[in-house]
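Chemist: coordinates only, sequence not included:
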Ligand SMILES: Nc1ncnc2c1ncn2[C@@H]1O[C@H](COP(=O)(O)OP(=O)(O)OP(=O)(O)O)[C@@H](O)[C@H]1O
Ligand SMILES: [Mg+2]
């Protein structure tokens with residue numbers, strides 16, 4: 001590790017993280033080609049799919065515009081994909097924008113007033129919209145009307161503008177951050193869950209077919225097990241394994257090729273990468289498994305506090321490898337087993353408490 005006056009080089013473990021759930025540049029280019037186009041092609045999420053199927057079919061049968069839909073769930077689980085499917089199933093055009101892109105209420109008014117009847121408006125990261133835009137959206141969703149403010153100060157007047165009926169599809173990774181009045185205006189909310197390994201295998205087989213890569217059942221299972229419940233990661237790992245198979249073998253992917261490739265990329269059998277293992281390793285080797293405070297742990301791995309807390313920990317907690325306790329971070333027995341380490345015998349003298357909180 002590289003130390004200078006400013007301390008350890010941070011962010012080194014974060015570079016080009018293969019198991020990050022957010023989209024990188026390459027993902028954005030490839031994802032369009034891999035996106036399922038209709039509900040039947042969309043793998044998993046049985047509950048959301050079935051409910052949505054009813055909502056859309058009923059609206060179609062009535063010849064009406066579908067109710068507003070809110071999709072919530074972690075990055076890479078298929079919210080954008082599903083919004084496009086909604087438009088396709090309704091035979092409607094789709095307009096795509098996002099919360100951060102709408103700075104002023106006027107931006108939203110311009111979009112809303114140019115919608116066609118029945119159009120789907122996809123509002124990604126809806127929890128990041130500005131307050132005034134949000135308030136305008138309330139009225140638009142409920143009454144299909146906006147008040148456009150003309151002029152400034154005491155002379156300003158509100159000109160009501162009728163909107164054609166449209167379907168708002170909002171997506172958020174943070175449903176808890178949505179103000180209740182906004183949440184209540186959606187007729188249907190779909191919570192996207194993490195995918196099971198079997199579902200991810202289906203995603204991988206489908207993508208392999210589209211990318212024209214040969215892969216057997218065990219090869220797909222190997223990749224699925226390392227994909228952290230997330231189709232985007234599964235697709236990304238598949239592409240890296242494909243590279244390896246082309247360079248080191250005949251291009252076909254089986255279990256050995258998949259395992260060898262992902263070892264090169266340092267993604268282990270449970271989908272942990274270098275950063276994850278560094279956090280667990282420091283916790284166990286330096287602090288006897290904890291409890292240890294977040295800041296101390298972050299310094300030990302040479303990363304920012306936020307990186308450890310927001311990037312590494314959620315998955316480690318979800319996997320039951322790390323626990324957040326009031327006294328600090330603790331490695332679970334599963335973590336010791338996964339890294340093949342043996343927890344120290346406690347002598348009861350309270351050595352543990354040293355690094356707490
Ligand atoms: N159910 C699914 N079946 C098959 N492929 C899927 C499924 N869900 C997602 N994918 C694939 O995963 C990739 C990421 O999906 P998508 O962009 O819809 O995620 P997202 O939830 O919008 O992520 P973000 O929160 O980062 O915007 C896409 O390429 C898509 O092809
Ligand atoms: Mg998206």
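Modeler: Perfect, thanks for sending it. In this text the structure is predicted, and so the values were computed from the model without any measurement. Numbers count the residues shown, from 1 in each chain. Ligands and ions are numbered 1, 2, ... in the order given.
Chemist: check which helix or strand covers the residue in the stretch 51-200 of the chain positioned nearest to ligand 2.
Modeler: Ligand 2 sits closest to residue 80 of the stretch 51-200 of the chain, with a gap of 3.2 Å, by Cβ to the ion. The way it works is simple: take the backbone N, C-alpha and C, and place the C-beta from them, glycine included. If you go by DSSP states H and E, residue 80 is part of helix 79-89.
Chemist: and for residue 59?
Modeler: Per DSSP H and E: residue 59 is located in helix 46-62.
Chemist: same check on residue 140?
Modeler: helix 131-143.
Chemist: what's the answer for residue 201, then?
Modeler: Per DSSP H and E: residue 201 is located in helix 197-211.
Chemist: after that helix, next one along is what?
Modeler: Following helix 197-211 in sequence, per DSSP H and E, is helix 217-225.
Chemist: so where's this protein shaky on pLDDT?
Modeler: Counting by pLDDT under 70, the ranges of the chain that qualify are 1-15, 346-357.
Chemist: and the spatially most central residue of it, its phi and psi?
Modeler: When Cα atoms, centre = their mean is applied to the chain, the residue found nearest the centroid is residue 75 (0.8 Å). As for residue 75, its main-chain torsions (degrees, to the nearest 10) stand at phi -60, psi 140.
Chemist: what about the closest residue to it other than its chain neighbours, neighbour count?
Modeler: In this structure, residue 75 finds its nearest non-sequential neighbour in residue 21, 4.1 Å apart by Cβ to Cβ, 6 or more residues apart in numbering. For residue 21, the count of nearby residues is 21 (other Cβ atoms under 10 Å).
Chemist: look up how far ligand 2 lies from residue 21.
Modeler: Distance of residue 21 to ligand 2, computed by Cβ to the ion, to the nearest Å: 11 Å.
Chemist: list the contacts of residue 102.
Modeler: 108, 111, 123, 129-130, 133 (Cβ atoms under 8 Å, 6 or more residues apart in numbering).
Chemist: same for the helix holding residue 140, what does it pack against?
Modeler: helix 105-113, strand 145-150, strand 167-172, helix 180-184 (3 or more Cβ pairs under 8 Å, 6 or more residues apart in numbering; DSSP states H and E).
Chemist: let's see that with 10 Å instead.
Modeler: Applying 3 or more Cβ pairs under 10 Å, 6 or more residues apart in numbering; DSSP states H and E, we find helix 131-143 packed against helix 105-113, strand 120-124, strand 145-150, strand 157-162, strand 167-172, helix 180-184.
Chemist: care to break this protein down by domain?
Modeler: 3-15+273-355, 45-191, 197-264 (automatic domain parsing).
Chemist: wait, what's in contact with the closest residue to ligand 1 within the stretch 201-350 of the chain?
Modeler: Proximity of the stretch 201-350 of the chain to ligand 1 (Cβ to the nearest ligand atom) peaks at residue 231, 3.5 Å away. Residue 231 sits next to 21, 31, 34-36, 42-44, 76-78, 81, 194-195, 199-200, 202-204, 206-207 when contact means Cβ atoms under 10 Å, 6 or more residues apart in numbering.
Chemist: any idea which helix or strand carries residue 324?
Modeler: Applying DSSP H and E as the criterion places residue 324 in strand 322-325.
Chemist: given that strand, what are its sheet partners and their directions?
Modeler: Strand 322-325 sits in its sheet next to strand 328-331 (antiparallel), going by DSSP bridges.
Chemist: quick one: contacts for the residue of the stretch 1-150 of the chain found nearest ligand 1?
Modeler: Of all residues in the stretch 1-150 of the chain, residue 78 sits closest to ligand 1, at 2.6 Å by Cβ to the nearest ligand atom. The contact partners of residue 78, taken as Cβ under 10 Å, 6+ apart, are 35-36, 42-45, 48, 71, 85, 171, 192, 195, 203, 230-232.
Chemist: about what we covered before: helix, strand or coil for the residue nearest to residue 75?
Modeler: For residue 21, the assignment made with DSSP: H, G, I helix; E, B strand; the rest coil gives coil.
Chemist: closest one to residue 27 among the domains of the chain?
Modeler: Closest to residue 27 of those, according to Cβ to Cβ: domain 197-264, at 6.3 Å.
Chemist: any idea how far the closest one is from the chain center?
Modeler: Averaging C-alpha positions (Cα atoms, centre = their mean, to the nearest Å) puts domain 197-264 20 Å from its chain's average.
Chemist: ditto for stretch 278-293
Modeler: How far stretch 278-293 lies from its chain's middle: 27 Å, per Cα atoms, centre = their mean.
Chemist: ends of it, how far apart?
Modeler: For stretch 278-293, the first-to-last residue distance is 16 Å (Cα to Cα, to the nearest Å).
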